[in-house]
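>>> below: sequence and its predicted model.
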Amino acid sequence: MTGEMYIAEATDERIRERGEHGGVVTALLKFALESGMVDAVLAVKKRNGNRYDGVPSLITEPEEVLECAGVLHCAPVNVARCVKEYLDGAKGVRLAVVCKPCDARAMIELAKREQINLANVIMIGVNCTGTLAPSVARKMLVEEFGVDPEDVVREDIDDGKLIITLGDGSTREKDLKELEERGYGRRENCRRCEVSVPRMADLACGKWGVPEGRRATFVEVCSERGGELLKKAAEAGVIRVEAPSKEAIDERERKEREALERSKEWQERYFGELKEMSSEERRRYWFDYFDRCIKCFGCRDACPICYCKECYLEAWRGFIRGGEVPPERAFPLIRLAHVADSCVNCGQCQDACPAEIPLSRLYQAVNKELQRVFKYVPGMSVEERPPLTVITEEELRNDDPLLFLR
Amino acid sequence: MGEGFEPKIIAFTCNWCAYAGADLAGVSRLKYPPNVRIIRVMCTGRIDPTFVLKAFTSGADGVLIGGCHIGDCHYIQGNALARRRATMLKKLLEHVGIEPERLRLEWISASEGGKFVETVKDFVERIRELGPNPLKGSG
Ligand code: SF4
Ligand code: SF4
Ligand code: SF4
Ligand code: FES
């Protein structure tokens, strides 16, 4: 079943209208709830109708699911941490959760640390090529698009363009790269993100591969459980599915490949610049940033990898002195050492940082390097253990202290 | 580097091998530079990356981790875990502009008093070439 692909749409007219791509995700969530496959749905809702303020909402009323239809590109929320922190890691509740790739990856990393019980979670993955910080988005809409942010009803990112739809149905589009050159556009971690199709979730849903002019969703089945949900929903008649054409599959692959190429370009830009620096320059670059830290613990509290009940960075542990701002340099380095092997580049730390330290830039840079060294990509499979906790047989036969650095 | 710079080295050594190796060097009256402060841990697997970073931010010019050879760790895989952590730390240090050579990992058995001495001598010389820990003072 895994690997099967479909073009799907909701059968309910109302849901089709509200959803952007045929309402499949909404219909699946509603069905999962109605059929008793899950106890609750976790999805993002606008707060008071404000599309720049998304709140993760726990929904138990099937009708309420409709309020979550549509994608909020300008309200990136921290779904994984939310499941861990406020829903007790789904230990006592069966959930259907809408996940961007980084959310799904973060949930998988948390599951490895026994912080989320994935057996209770159906991850409905949605393709993603980036999200925008709400404040940046509003400013951009005014300054670059010349529109009132409140007038926007929809955003879309496609083929390197940012397309917005206004209340009157008209659309405006701009080249994303040009916007980003000027400091607008997507969050910087998203620019560098390599995963646009969440195959680590149970289903991967997106618009790529859907024939022009049709409002439907391309769905890839990524697990038994995902396949079961899709099959049952189709049998119950809440969605219609059909096989995609060869062209549709190719088109989707092409879009995915191009998204990856774009992200590699951004990686090259961000990381290339740092690589070219001398050791001294690089040290100044980062430590000047670190010196801005006000020790608010925002990064730690937002990061899905920072799950410890007793954090080393608390003053009573003796590594960091209490009452000292900026905190001594061990502060940023310790967090880096603790999460760099598993960082999923979700950017939540950076979003949280009031000192605007480009934290994800550092974490992802180190993580990319460790990916190469340890052959481990975080958040891809629950079966793979974090690289600092495993030892291979082969390693146990090799006495070289620099084994991984040759 | 500047005259009179005496590197400060923190050596984390495991109880069963490297610490015993250092001890053997002592009882055999082998001379080694006095730049190293030894901290004994039961196993290199006990060395949280935090310890190493704290040593650097507290002013150590170099950190040496000494453990049993692979296969000899008294806790089976502690040294193999330490090797992975040290690898991660070296990459981390490099990314924030601290020379990764300031962290060194060596396997020294209880009978390798000579290797302990050679390692310390060599490490002190290398750190002398690198100069003081850039995080010291104003950073
Ligand atoms: S370090 Fe930052 S980017 Fe990486 S997983 Fe944690 S919050 Fe996300
Ligand atoms: S900084 Fe380290 S100790 Fe603190 S929560 Fe994060 S991983 Fe845990
Ligand atoms: S969020 Fe920024 S200011 Fe707050 S503790 Fe983290 S690095 Fe420091
Ligand atoms: S006991 Fe020596 S390294 Fe584990």
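Looks like it arrived, so ask away. Numbers count the residues shown, from 1 in each chain, chains lettered A, B, ... in the order given. Ligands and ions are numbered 1, 2, ... in the order given.
>>> contacts, neighbours, all on C-alpha from now
OK.
>>> might one say that residue B:81 is in contact with residue A:391?
Yes - counting by C-alpha atoms under 8 Å, residue A:391 is a contact partner of residue B:81 at 6.9 Å.
>>> whichever residue of chain B sits closest to ligand 1: neighbour count?
Nearest residue of chain B to ligand 1: residue B:92, at 13.2 Å (C-alpha to the nearest ligand atom). Residue B:92 has 25 neighbours, counted by other C-alpha atoms under 10 Å in any protein chain shown.
>>> what helix or strand is it located in?
Mapping residue B:92 onto the secondary structure by DSSP states H and E places it in helix B:78-95.
>>> got the contact list for that helix?
Here helix B:78-95 makes contact (C-alpha atoms under 8 Å, 6 or more residues apart in numbering or on different chains) with A:279, A:282, A:336-337, A:341, A:362, A:365-366, A:369-370, A:387-391, A:395-396, A:401-402, A:404-405, B:43-47, B:49, B:67-70, B:73, B:99-101, B:103, B:105.
>>> for that helix, list the C-alpha coordinates in CSV.
Output in CSV follows, covering the C-alpha atoms of helix B:78-95 (Å, rounded to 0.1, in the frame of the first residue of the first chain):
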residue,chain,number,x,y,z
GLY,B,78,31.6,4.0,26.6
ASN,B,79,34.6,4.9,24.6
ALA,B,80,32.8,4.4,21.3
LEU,B,81,30.1,6.7,22.4
ALA,B,82,32.8,9.2,23.5
ARG,B,83,34.3,9.0,20.0
ARG,B,84,31.0,10.0,18.5
ARG,B,85,30.5,12.8,20.9
ALA,B,86,34.0,14.1,20.4
THR,B,87,33.4,14.0,16.6
MET,B,88,30.3,16.1,17.1
LEU,B,89,32.1,18.5,19.4
LYS,B,90,34.9,19.0,16.9
LYS,B,91,32.5,19.9,14.2
LEU,B,92,30.6,22.2,16.5
LEU,B,93,33.8,24.0,17.6
GLU,B,94,34.9,24.4,14.0
HIS,B,95,31.6,26.0,13.1
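>>> packing partners for the helix or strand following that helix?
The helix or strand immediately downstream of helix B:78-95 is strand B:103-107, counting by DSSP H and E. Applying 3 or more C-alpha pairs under 8 Å, 6 or more residues apart in numbering or on different chains; DSSP states H and E, one finds that strand B:103-107 contacts strand B:62-67, helix B:78-95.
>>> state the pLDDT value of the closest residue to residue A:30 other than its chain neighbours.
Among residues not flanking residue A:30 along the chain, residue A:62 sits closest, at 5.1 Å (C-alpha to C-alpha, 6 or more residues apart in numbering or on different chains). As predicted, residue A:62 sits at a pLDDT of 95.
>>> now do the contacts for residue A:62.
A:30-31, A:33-34.
>>> now do stretch A:12-26: distance to the chain's middle.
22 Å (C-alpha atoms, centre = their mean, to the nearest Å).
>>> what's the closest non-adjacent residue to residue A:193?
residue A:263 (5.8 Å).
>>> typed the wrong thing, it's residue B:19
Nearest to residue B:19 is residue B:13, by C-alpha to C-alpha, 6+ apart, at 5.1 Å.
>>> residue A:378 now?
Leaving aside its sequence neighbours, residue A:378 sits nearest to residue A:342 (C-alpha to C-alpha, 6+ apart; 5.1 Å).
>>> if we go by neighbour counts, what in stretch A:15-35 is buried?
Residues A:15-16, A:18-34 are the ones in stretch A:15-35 that count as buried (16 or more other C-alpha atoms under 10 Å in any protein chain shown).
>>> nope, stretch A:289-300 is what I meant
A:290-291, A:293, A:295, A:298-300.
>>> what pLDDT does the most centrally placed residue in chain B get?
The centre of chain B sits closest to residue B:64, judged by C-alpha atoms, centre = their mean, with a distance of 0.5 Å. For residue B:64, the model assigns a pLDDT of 98.
>>> if residue A:162 is in a bridge, with which residues?
Note on residue A:162: beta-bridge partners by DSSP bridges are residue A:157, residue A:174.
>>> so which strand or helix has the residue nearest to residue B:19?
With secondary structure defined by DSSP H and E, residue B:13 is part of strand B:9-14.
>>> ok, residues contacting that strand?
Here strand B:9-14 makes contact (C-alpha under 8 Å, 6+ apart) with B:19, B:35-44, B:47, B:55, B:60-68, B:124.
>>> who does that strand pair up with?
strand B:36-41 (parallel), strand B:62-67 (parallel).
>>> the first one: what's the following helix or strand?
Beyond strand B:36-41 in the direction of the C-terminus, DSSP H and E gives the next helix or strand as helix B:49-57.
>>> what's the angle between that next one and strand B:103-107?
Angular relation of helix B:49-57 and strand B:103-107 on a 0 to 180 degree scale: 130 degrees, by axes from the mean of the first three to the mean of the last three C-alpha atoms, to 10 degrees.
>>> counting neighbours, which bits of helix B:49-57 end up buried?
Buried, per 16+ other C-alpha under 10 Å, within helix B:49-57: B:49-57.
>>> for residue A:135, grab phi and psi.
Here is the backbone geometry of residue A:135 (degrees, to the nearest 10): phi -70, psi -40.
>>> for burial, what's the neighbour tally of the residue in the stretch 201-350 of chain A that ligand 4 sits nearest to?
Distances between the stretch 201-350 of chain A and ligand 4 by C-alpha to the nearest ligand atom are smallest at residue A:337, namely 20.5 Å. Residues within reach of residue A:337, counting by other C-alpha under 10 Å, total 21.
>>> surely it is in a strand?
No - assigned with DSSP: H, G, I helix; E, B strand; the rest coil, residue A:337 falls outside any strand and is helix.
>>> point me to the residue of chain B nearest chain A.
Residue of chain B nearest chain A, by C-alpha to the nearest C-alpha: residue B:97 (4.1 Å).
>>> which residues are in contact with the residue in the stretch 1-150 of chain A that chain B sits nearest to?
Residue nearest to chain B within the stretch 1-150 of chain A: residue A:113 (17.5 Å; C-alpha to the nearest C-alpha). Taking C-alpha under 8 Å, 6+ apart, we find residue A:113 in contact with no residue.
>>> how far away is it from residue B:65?
Distance check for residue A:113 against residue B:65: by C-alpha to C-alpha, to the nearest Å, it reads 27 Å.
>>> what of residue A:66?
In terms of C-alpha to C-alpha, residue A:66 sits 58 Å off from residue B:65.
>>> the more surrounded of these two?
The neighbour comparison of residue A:66 against residue B:65 (other C-alpha under 10 Å) goes to residue B:65, with 25 against 19.
>>> and the two most separated of the buried residues of helix B:49-57?
For the buried residues of helix B:49-57, the maximum inter-member distance is 12.5 Å, found between B:49 and B:57 (C-alpha to C-alpha).
>>> A helix includes residue A:262, no?
Yes - under three-state DSSP, residue A:262 falls within a helix.
>>> residues in contact with the residue of chain B found nearest ligand 3?
Going by C-alpha to the nearest ligand atom, ligand 3 is nearest to residue B:96 of chain B, at 14.5 Å. Applying C-alpha under 8 Å, 6+ apart to residue B:96 gives the contacts A:279, A:282-283, A:286-287.
>>> try 6 Å
Neighbouring residues of residue B:96 by C-alpha atoms under 6 Å, 6 or more residues apart in numbering or on different chains: A:282-283.
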